[in-house]
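**Student:** Based on what follows, work out the 3D shape:
(chains A and B)
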Amino acid sequence: MKRAITPTDVERMMREDDFIVSMTDLKGRITYGNRIFIEFSGYSEDELLGTQHNIIRHPDMPRAVFKLLWDKIQAREECFAYVKNMSKDGGFYWVFANVTPIYDPSGNVTGYLSVRRKPRQSGIQVVSSLYAAMLEEEKKAGPANAIAASTKLLVDVLNEKGLSYDELVLAI
Amino acid sequence: MTNSSLQSRVVFLLWMFSALLLGEIGASFLMHGFEPVMLVFLALGIALSAWGQLQVRRWLAPLSKLNSVIVDVAHGRFNSRVVGIHGQEDEISALCWNVNDMLDQLNTFFREQETSFRANLDGKFYRQTLPGGMHGGFHKGLENQNVLLEGMTEQKMGAMRTHMLTRVQALNTDNLLKNLTSNQHPDQSAGADCGDRGVTRR
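**Tutor:** So this is what the prediction gives:
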């Protein structure tokens, strides 16, 4: 699906007692989105179902974050991330995402469940500058080395703070 | 299936109206002779029944999905959802969305509970539950679990501390015994320290 959405400065704020829930199949195609997802993304249920989850990806997000997220859930681990998403109208909304695998009764992974909560303002401030720096690295490194370059930056930050990635995102 | 029988009952009613219309037109034909306008009414009646049949099928479609989702829940599976509700604002779609909301709460509650317990057992004490977005009893339940996890963490840390102290004490006792032995048998100690000399002596 081709999109030509121009990002705008219009921000939507998530509410404390809501969360966005979505499910995808193993290839990242949306198989379910709750009403809050429909509200914030601006797409109808029909438009969302069967579409790649990156339909809401914001250009300010470094690719390395999604790579990390994808690697972790494929290793059957849960993953946390502060994510800036883009709505259909170009507006944006920050979420604190927790992605976990979905298992069938015999223990096979059949898809992924993402629960996205209202993020802490302090966390948004920390990751905004971190993501901006990572994005800069990705642009400098070029498409082929983008992920490696910005991952290195992230790892350096974690080493400097002496924290694991999960510890960092849960602490900020 | 409840859905198909409910659907067929409504469809039967619709076609009964069409049959009644046909009967009325037939009676009118017998009494007053042929009138072309009656055919228009007949066509409209049949079209209405056919359209109604399609509409009823569409309105009731989510019910069979809802049923299979609820059967899953009854079997302890919380991953199914009703999809393809198409955002209609009728009672059935409201029911479907509300069931989905309920399942999102249930599913997230159980996942949070399991993940945070597992993390705690693995020593990742920073991974507490996230009650954000949860409602009422679910929110309270996860907050209570965090208190429980803190208790478990303290207990685990306490046990680790005790274990460490015991090890240190055992090490001290061991060294003390060795020292005492070496004080009382200086020759043996020297022999043990310098194996070469022991061999030459023999």
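**Student:** only C-alpha atoms for contact and neighbour calcs from this point on.
**Tutor:** OK.
**Student:** Run through chain A and note the low-pLDDT ranges.
**Tutor:** Flagging of chain A using pLDDT under 70 yields the residue ranges A:1-3.
**Student:** so where's the longest helix in it?
**Tutor:** helix A:121-161 (DSSP state H).
**Student:** on contacts alone, who are the packing partners of it?
**Tutor:** Using 3 or more C-alpha pairs under 8 Å, 6 or more residues apart in numbering or on different chains; DSSP states H and E as the contact definition, the elements that helix A:121-161 packs against are helix A:63-74, strand A:79-86, helix A:165-171.
**Student:** Please save the CA atoms from the second one in PDB.
**Tutor:** Extracted as PDB, the C-alpha positions of strand A:79-86 are listed here (Å, rounded to 0.1, in the frame of the first residue of the first chain):
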ATOM      1  CA  CYS A  79       9.900  -6.200  24.100                       C
ATOM      2  CA  PHE A  80       9.300  -2.600  25.300                       C
ATOM      3  CA  ALA A  81       9.700   0.500  23.300                       C
ATOM      4  CA  TYR A  82       8.800   4.200  23.200                       C
ATOM      5  CA  VAL A  83       7.300   4.600  19.800                       C
ATOM      6  CA  LYS A  84       6.200   7.700  17.900                       C
ATOM      7  CA  ASN A  85       3.300   6.700  15.600                       C
ATOM      8  CA  MET A  86       1.800   8.600  12.700                       C
END
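**Student:** can you list contacts of it?
**Tutor:** Around strand A:79-86, the neighbours that count as contacts under C-alpha atoms under 8 Å, 6 or more residues apart in numbering or on different chains are A:7, A:41, A:56-58, A:60-61, A:65, A:69, A:72-73, A:92-100, A:119, A:123-124, A:127, A:166, A:169.
**Student:** so that strand versus helix A:121-161, what angle?
**Tutor:** Going by axes from the mean of the first three to the mean of the last three C-alpha atoms, to 10 degrees, strand A:79-86 is angled at 130 degrees with respect to helix A:121-161.
**Student:** what about the residue of chain A positioned farthest from its centre, helix or strand, and which?
**Tutor:** The outermost residue of chain A, judged against the average C-alpha position, is A:Ser106 (28.4 Å), by C-alpha atoms, centre = their mean. Assigning secondary structure by DSSP states H and E places A:Ser106 outside every helix and strand.
**Student:** can you check the one 10 residues further on too?
**Tutor:** Under the assignment given by DSSP H and E, the secondary-structure element containing A:Arg116 is strand A:109-117.
**Student:** quick check, distance from that strand to the centre of its chain.
**Tutor:** In terms of C-alpha atoms, centre = their mean, to the nearest Å, the centre of strand A:109-117 is found 11 Å from the chain centre.
**Student:** got it, and stretch B:7-18?
**Tutor:** That offset, for stretch B:7-18, works out to 39 Å (C-alpha atoms, centre = their mean).
**Student:** can you list the residues that contact the strand holding A:Arg116?
**Tutor:** Contacts of strand A:109-117 with the rest of the structure, by C-alpha under 8 Å, 6+ apart, involve A:14, A:16, A:18-26, A:28, A:73, A:95-104, B:108, B:132-133.
**Student:** likewise stretch A:52-60?
**Tutor:** With C-alpha under 8 Å, 6+ apart as the contact definition, stretch A:52-60 has outside contacts at A:7, A:24, A:28-30, A:41, A:84-88, A:92, A:131-132, A:135.
**Student:** how about it as PDB, C-alpha atoms only?
**Tutor:** Coordinates of each C-alpha in stretch A:52-60 appear next as PDB, following Å, rounded to 0.1, in the frame of the first residue of the first chain:
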ATOM      1  CA  GLN A  52       1.400  -4.100   7.400                       C
ATOM      2  CA  HIS A  53       1.700  -2.700  10.900                       C
ATOM      3  CA  ASN A  54       4.200  -0.100   9.600                       C
ATOM      4  CA  ILE A  55       1.200   1.800   8.100                       C
ATOM      5  CA  ILE A  56       1.500   3.900  11.300                       C
ATOM      6  CA  ARG A  57       5.300   4.200  11.300                       C
ATOM      7  CA  HIS A  58       6.500   7.800  11.700                       C
ATOM      8  CA  PRO A  59       9.600   9.000   9.800                       C
ATOM      9  CA  ASP A  60      11.200  10.200  13.000                       C
END
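**Student:** buried sites along that stretch?
**Tutor:** Neighbour-count burial for stretch A:52-60, counted by 16 or more other C-alpha atoms under 10 Å in any protein chain shown, picks out A:52-53, A:55-58, A:60.
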